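Chemist: Fold the following and give me the result.
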Amino acid sequence: MQQLAIFGGTFDPVHWGHLLVAKTALAQLHLEQVIWIPSKNPPHKQASLFEHRVAMLKLATRNDPAFTVSLMESERSGTSYAINTLINLSACYPNTHWYWIVGLDTFQTLPRWYRGYELAQMCDWLIAPRLVGGETIAQSEIICKQVEKKFREKSHIIHWQLLHTPLVRVSSSIIRELCRLGHSTDDLLPEQVGLYIATHNLYSNNSE
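Modeler: Take a look at the predicted model:
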């Protein structure tokens, strides 16, 4: 049985933090592949034009054969729900043990996701810890166990583990703000992505 991981998100834009998390998952779990799923119509946030986010993601991942960018969301007209993504992928990749990569903040919201209790049992969860404000790995584990308890209270079991990622203080929102202010983002994302942002004038006050 092959082991594949889903890494979903807006990736607005993709940056070194995303890539580090995906590479850590590959190594830690001995995965065959990480399938990146850019959300077209995320339920809880606004995002930049889907085509731009896909183009940047392809540029960032094109040199790693263990990374695949899925465009299944491009044909979805309504809201992008995670459970639909996993059901569709399972049809394309039979005989697969699935993992889902999420950040700690996102994992905390899982009980509130559309059909979240059902989804939680369909895959294992790989959590990228939040190491800000002095928070430790131990504190991240406590938060994950609190989420696990919520599922047990509803008679559901969820399997999760923390990813052993180094500390990277970067986020898409920080990059967008730096671009809006005209500051350099050279150290925060791949060069090709930075060039794409500049070429298409993304995230500035006069963006496309």
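
Chemist: pLDDT weak spots in the protein?
Modeler: Across the chain, the ranges flagged by pLDDT under 70 are 42-47, 131-135, 206-208.

Chemist: Quick one: residues in contact with the lengthiest helix in it.
Modeler: Longest helix in the chain, counting residues (DSSP state H): helix 137-153. Applying C-beta atoms under 8 Å, 6 or more residues apart in numbering, the contact partners of helix 137-153 are 104, 107-108, 110-111, 117, 120, 127, 129-131, 157-158, 160, 162. Where C-beta positions appear, they are placed from N, C-alpha and C, glycine not excepted.

Chemist: Check stretch 17-27 too.
Modeler: Contacts of stretch 17-27 (C-beta under 8 Å, 6+ apart): 5, 7, 9, 11, 31, 34, 36, 60-61, 64, 66-67, 99, 101, 103, 126, 128, 163-166, 168, 170-171, 190.

Chemist: Could you pick out which of those are located in strands?
Modeler: 5, 7, 9, 34, 36, 67, 99, 101, 103, 126, 128 (DSSP state E).

Chemist: what's around the first one, how many residues?
Modeler: Neighbouring residues of A5 were enumerated by other C-beta atoms under 10 Å; the total is 23.

Chemist: Ignoring the adjacent residues along the chain, who's closest to it?
Modeler: In this structure, A5 finds its nearest non-sequential neighbour in Y99, 4.1 Å apart by C-beta to C-beta, 6 or more residues apart in numbering.

Chemist: Relative to W125, how far out is that neighbour?
Modeler: Noted for Y99: a distance of 7 Å to W125, by C-beta to C-beta, to the nearest Å.

Chemist: And Q146, by the same measure?
Modeler: Going from Q146 to W125 by C-beta to C-beta gives 14 Å.

Chemist: ditto for L181
Modeler: For L181 relative to W125 (C-beta to C-beta), the value is 35 Å.

Chemist: Between these two, point out the one with more neighbours.
Modeler: Taking other C-beta under 10 Å, L181 and W125 do not tie; W125 has more neighbours (22 against 10).

Chemist: give the contact list for that one.
Modeler: 99-100, 102, 107, 110, 158-161.

Chemist: what do you get for Q33?
Modeler: Going by C-beta under 8 Å, 6+ apart, Q33 touches 2, 4-5, 66-68.
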